[in-house]
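Undergrad: turn this into a structure:
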Amino acid sequence: MKKDRTVIVTGAARGIGYAIAEAFRDNGDFVAVFDLNGDAANEAAEKLGNAKGYTVNVASEESVKTAVEQVIAERGTVDVVVNNAGLQFISSVEEFPEEKWDLVVDVILKGTFLVTKHALPAMKKQNYGRIITISSGHGRRPDQYKSAYVAAKYGQIGFTNVVAMENAKFGITANSILPGPTRTELIEKQLPQLAERDGSTVEEALNRHILGGQWLGRLLEPSEIAATALFLASDGAAAITGESLGVTGGE
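TA: Here you go, the predicted model:
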């Protein structure tokens, strides 16, 4: 595998994003830590080493364009993009606030579009690139109270497949990873809300809404998602493009 690549990971200050950044760092790559929270991005980069934090609002084209241009000016190019930034809002469809819908879709779907859009020219110039989108098991299986999240995650897969088709001739691959229930702050924050809506306990909400019928019966670890991202960015995955790879624990 090519070493010392320049890797952009969005939402990389914590959770799955940080685990992905850590995996690429361990591979000998430089990681650009994109996060809305600039202090958290800088702290993560300092902890990682061979990394730099960037304050980026992935839902803003100006913010994304500026950050990607800065990475290219400092590093010469972009080799790998991991579109990981996301958030969640829990509500039934009829009660879903429009501004929350827009926020969830803008961060997840528009953010994926914007970062990919501005990284592609550098990848095409060098005839090499790896674009990895962290969608979700909910990109193929819906769940109650998560309409905006599910819609955005389905959309990420479709978008990524178009990117794969358009750019295969430039040596660029684009694939989606569909994580199952993973041990993150996002999951921990959801559980009390889901339990309250169902009139259940947190444990019951975990089994009903998060684990469901998952075969392994456990939360996945962020490092397990990170290992898959590292593989899709490897030379061994050069012929894999336009695919949606579930890392779900079975469902």
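Undergrad: can you give me the strands in the stretch 1-150 of the chain?
TA: Secondary structure of the stretch 1-150 of the chain (DSSP state E, counting those that start in this stretch): strands at 6-10, 30-35, 51-55, 80-83, 129-134.
Undergrad: now mean neighbour count too, for those strands, in TSV please.
TA: C-beta: built from backbone N, CA, C; applies to glycine. Conversion of the strands of the stretch 1-150 of the chain to TSV gives the following (neighbours: other Cβ atoms under 10 Å):
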stretch	mean neighbour count
strand 6-10	29
strand 30-35	28
strand 51-55	20
strand 80-83	30
strand 129-134	27
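Undergrad: tell me which of these sits nearest to Ile16.
TA: Taking Cβ to Cβ, strand 129-134 is the member of these nearest to Ile16, at 6.4 Å.
Undergrad: now do the contacts for the spatially closest residue to Met165 that is not a sequence neighbour.
TA: Counting by Cβ to Cβ, 6 or more residues apart in numbering, the nearest residue to Met165 once its immediate chain neighbours are dropped is Gly242, at 6.3 Å. By Cβ atoms under 8 Å, 6 or more residues apart in numbering, Gly242 lies in contact with Thr160, Asn161, Ala164, Met165, Ala168, Ala174, Asn175.
Undergrad: for Gly242, which three-state class applies?
TA: The three-state label given to Gly242 by DSSP: H, G, I helix; E, B strand; the rest coil is coil.
Undergrad: Leu220: which of the contacts of Gly242 is nearest?
TA: Of the contacts of Gly242, the one sitting nearest to Leu220 (Cβ to Cβ) turns out to be Asn175, at 18.2 Å.
Undergrad: who's in contact with the helix or strand harbouring the closest one?
TA: Secondary structure assignment for Asn175, by DSSP states H and E: strand 172-179. The contact list for strand 172-179, computed with Cβ under 8 Å, 6+ apart, reads 16, 116, 120, 123-124, 128-137, 139-140, 156-157, 160-161, 163-164, 167, 220, 225, 228-229, 232, 237-238, 240-248.
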